[in-house]
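[1] pasting the sequence and the predicted coordinates here, then a few questions.
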Amino acid sequence: MARTAVLESTDEAVAGIEDGSTVLVGGFGLAGMPFDLVDALIRQGAKDLTIVSNNAGNGEVGLAALLKAGRVRKVVCSFPRQADSFVFDELYLSGRIELEVVPQGNLAERMRAAGAGIGAFYSPTAVGTPLAEGKEVREIDGRTYLLEYPIKGDYALISAYRADRLGNLVYRRTARNFGPVMAAAATTTIAQVGSVVPTGDLDPEAVVTPSIYIDRVVAVEARHYTVQGAR
C-alpha cells in the first residue's frame, strides 16, 4: 500500500488528472467544496471530464468556474438547477453539457457501494418517474424497487478540516457531507485540509476517513467564498 503523499501545493496535488476522467467533487453547495483543488484543476487543464457532485455549481466559483472554463462534458448530480446555477443553466440549455440526475440518497449510496465493493443494490427511490427508464425492476415483499449500480471515480477531490501526516482525516460539521463516501469510491483521492498535524495528534475516535483511502493531501489557507445572485 502506497503511503499518502503530503504535498506543498494544490497544483502538485492535481497533477496527472487525465482528460476524460470521472472526478467526484465533494460539497453540499458551498459547504465542504474543495475550492482550491478545483481552481488548481482549472489551471491544470484536464478536459472532457465527468463530474459527480451534489449540485452543478454556485455562482461562478468552484465547480461553476470549472464548468465555465469548458472542461466538463457531463455532470452527474442531484440538484442541477438552483437560483445561482446560471453557468450550468446556460451550458445545458445550449446543449454544451450532458446531465444525469440521481436522487440524493441514491447518489450517496451508489458511491458508498463503489467503496464497499457492492456490485449493485435495489432502491425504491424514483420508481414510477422518468429516472426509472431503462432500469431493472424487481418486486420485493410487495414493494417495487429499481436496480442501481455503483458510481466509481477515477479521482475524488474533497475538503476536510484537518489531516495527520499519514492522511487520516477529520471534518468540521456539515463540511463532512459527501467526502467520506467519495474518498472510498475513487481510485485516487485528493484532500485539501486546513492543516496537517503530526501523526498521533488527532483523536482516533474523531477520524472519519482513514488514511487507507487518501492518496494526496495538501494544506490550504482558509478562504471565504461568496456567490452572485441569479441572472
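    Arrived safely.

[2] which residue sits farthest out from the middle of the chain?
    Going by CA atoms, centre = their mean, the residue of the chain most distant from its centre is Gly142, 34.8 Å out.

[3] for that residue, give me phi and psi.
    Backbone torsions of Gly142, given as degrees, to the nearest 10, read phi 80, psi 10.

[4] ok, now how distant is it from Pro130?
    24 Å (CB to CB, to the nearest Å). C-betas here are computed from N, CA, C, even on glycine.

[5] next, Leu83: secondary structure please.
    If you look again at residue 83, you'll see it is Ala, not Leu. Put simply, Ala83 is coil when judged by DSSP: H, G, I helix; E, B strand; the rest coil.

[6] counting by contacts, list what the longest helix along the chain packs against.
    The longest helix of the chain (DSSP state H) is helix 104-116. Judged by 3 or more CB pairs under 8 Å, 6 or more residues apart in numbering; DSSP states H and E, the packing partners of helix 104-116 are strand 121-123, strand 143-148, helix 179-185.

[7] could those go into a markdown table alongside distance to Asp201?
    A markdown table is the format used below for the helices and strands packed on helix 104-116 (distance: least, CB to CB, whole Å):
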| stretch | distance to Asp201 |
| --- | --- |
| strand 121-123 | 38 |
| strand 143-148 | 39 |
| helix 179-185 | 20 |
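
[8] which of the ones you listed sits most buried?
    Most buried of the helices and strands packed on helix 104-116 by mean neighbour count (mean count of other CB atoms under 10 Å) is helix 179-185; its value is a mean of 26.

[9] on that earlier part again, so what pLDDT did the residue farthest from the centre of the chain get?
    Looking at Gly142, its pLDDT reads 97.

[10] what do you get for the one 3 residues further on?
    Here the pLDDT value assigned to Tyr145 is 98.

[11] I figured it hits Pro124, correct?
    Yes - contact between Tyr145 and Pro124 holds when scored by CB atoms under 8 Å: they sit 5.3 Å apart.
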